[in-house]
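In: I would like the atomic coordinates for the input below:
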Amino acid sequence: MDELTEKLLRSLRYHPVQLQGRLLAIHDSGQFKLALEDGTETPGMLSESLPVNYLAGFLGQPVVVFGIGASLPSAQLLVVFAEGCLPLVTTPPKVSRLPGQSPQERALMAERLKKAIGAWPGDETDEQVDEVLSGRK
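Out: The predicted structure is shown next:
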């Protein structure tokens with residue numbers, strides 16, 4: 001190893017990282033490439049404790065990679081030593097209706113709530129709300 005390479009390696013700063021991006025490439029050696037949201041591409045190396053096929057299902061997908069980053073003193077990230085990877089969930093699941101409730105049950109619940117709330121929300125007592133929601137009224 002030449003003197004310049006040794007000097008560079010000594011100057012690197014190692015720190016925990018969590019990066020969001022799209023997994024662009026995976027090599028059988030464990031190397032990968034991650035496209036960050038700002039468009040930059042960051043190289044990475046998968047931890048030896050994880051098999052290479054661990055990343056296979058994430059190829060081309062938005063992910064969160066976490067591990068140890070190696071940066072220059074200028075804070076430029078050179079490489080990520082990944083200890084794990086998870087799919088990035090960008091939108092919450094949509095629920096069109098509550099499970100187990102038919103339209104009739106929902107209409108009944110809506111009617112009970114209307115009775116409980118009354119003309120001015122907040123005027124009803126806790127007992128009135130409990131009575132309407134339990135179906136006693």
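
In: Kindly confirm my reading that Glu131 is in a strand.
Out: No. Assessed with DSSP: H, G, I helix; E, B strand; the rest coil, Glu131 is helix; it does not lie in a strand.

In: What distance do you get for it to Glu124?
Out: From Glu131 across to Glu124, the span is 10 Å (Cβ to Cβ, to the nearest Å). For the C-beta atoms, the positions are set from N, CA and C on the backbone; glycine is no exception.

In: swap in Val132?
Out: Note on Val132: its distance to Glu124, by Cβ to Cβ, is 8 Å.

In: Specify the beta-bridge partners of the nearest residue to Leu88 once chain neighbours are set aside.
Out: Distance criterion Cβ to Cβ, 6 or more residues apart in numbering; nearest residue to Leu88, sequence neighbours excluded, is Pro62 at 4.0 Å. Judged by DSSP bridges, the bridge partners of Pro62 are Arg22.

In: mind checking pLDDT for Pro62?
Out: You'll see Pro62 listed with a pLDDT of 92.

In: and it, how many residues sit next to it?
Out: By the measure other Cβ atoms under 10 Å, the count of residues near Pro62 is 15.

In: just the one 5 residues further on next, same as before
Out: If you count neighbours by other Cβ under 10 Å, Gly67 ends up with 19.

In: For it, give me its contacts.
Out: Contacts of Gly67 were listed using Cβ atoms under 8 Å, 6 or more residues apart in numbering, and they are Pro16, Val17, Gly44, Ser47, Val80, Phe81, Ala82, Glu83, Gly84.

In: which of these are buried?
Out: Neighbour-count burial within the contacts of Gly67 applies to Val17, Gly44, Val80, Phe81, Ala82; the criterion is 16 or more other Cβ atoms under 10 Å.
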